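below is the sequence, then the predicted model.
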Amino acid sequence: MDQAAFRSFYLKTAPTLRAYIARSVGSLHAADDVLQDAFMRFLAKAPPTLSEAEMRGYLYRTAETLIVDRWRQRRRERERDEAAAELREETVEPHFGGDVDRAFRGLHPRQRSLLWMAYVEELDHREIAAATGVGERSVRVLLSRAREAFAGILNRLDLRPEAADAK
Amino acid sequence: MPNENSREDRAIQQQVRSLGSLPHAPAPPDPDLLWMRAQILAREEAALRALRDATLARTLRYGAVAAGGAWLLTEGAGLDAWLQATVSTASVTTAALAAFGAALLLSGLVLGRSFVVQRLRDLGLL
């Protein structure tokens, strides 16, 4: 991939990926760090033969790993030194403190990325299958479970989807 | 897909879509800067790899010379004689210590596996 191709791919991918990370970690500042790390890893390690959907999937998987690593690192810091960790603890920025944001953060990372690819990136099942490396039929099932999980969390937060839809 | 188009599912899809934009956010980081940073890092890694390879090759060369010198000092003793001499001088204590050390290292690796994996991830080696 040359610089122009990367630029074009980045401009197409970065805004929604950045929103996905920001919604997942609750901070735009942290999202920019993770976004840069994800693209750096992509440039350093992604095989050059990937299709665009696969490249997108690679980025989402990398971002998921980085988000989980970040969370683990914070947890270790907290365990090591509770007082100091409190100072360093990432707080959710006001823009990401809404109920839907909280519900989204409550999902398993895999479910988050599936819902995101399907409804924000608007990839079809075949493209999601290529991006995530699971079968097309499995995508249907996993997506259905992810929707159920999201609805469950919204219900627990007393934000039933129909009610929210009607707002 | 069952129920994909039910009212509830459409509402869920709408909720997820609503998260897709960040109207309050400034522009994302500049792709050209990322590209440049990646190029610099790639060059640094290539230089480090070359240095590692050169160091390994030099170590092997010096090792071969040293081994040759040691063999000459034994007045050309065969491998069998060398092995016998080594085995006879190794005491039971040394063997026990080695076994204990190996067990300790192995258990450390098993217990600290997640920590080691995490450190390797932090270093970008995984």
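Looks like it arrived, so ask away.

just checking, what packs against the host helix or strand of residue A:141?
Assigned by DSSP states H and E, residue A:141 belongs to helix A:136-156. Judged by 3 or more CB pairs under 8 Å, 6 or more residues apart in numbering or on different chains; DSSP states H and E, helix A:136-156 is in contact with helix A:99-105, helix A:109-119, helix A:125-132, helix A:161-166, helix B:7-18. All C-beta atoms are positioned from the backbone trio N, CA, C, and that covers glycine.

any idea which of these scores lowest on pLDDT?
Looking at the helices and strands packed on helix A:136-156, the lowest mean pLDDT belongs to helix A:161-166 (a mean of 50).

tell me, how many residues neighbour residue 64?
You didn't pick a chain, so chain A it is. As a burial measure, residue A:64 scores 20 neighbours (other CB atoms under 10 Å in any protein chain shown).

you looked at the wrong chain, it should be chain B
For residue B:64, the neighbour count with other CB under 10 Å is 10.

now do the longest helix belonging to chain B: distance to the chain's middle.
The residue-count maximum for a helix in chain B (DSSP state H) belongs to helix B:31-73. Relative to its chain's centre, helix B:31-73 lies at 15 Å (CA atoms, centre = their mean, to the nearest Å).

now residue A:71, what's its secondary structure?
Per DSSP: H, G, I helix; E, B strand; the rest coil, the local secondary structure of residue A:71 is helix.

quick one, which of the helices and strands packed on helix A:136-156 is packed in tightest?
Compared across these, helix A:109-119 shows the largest average neighbour count, a mean of 22 (mean count of other CB atoms under 10 Å in any protein chain shown).

for that helix, packing partners?
Checking 3+ CB pairs under 8 Å, 6+ apart, helix A:109-119 ends up next to helix A:3-25, helix A:52-80, helix A:125-132, helix A:136-156, helix B:7-18.
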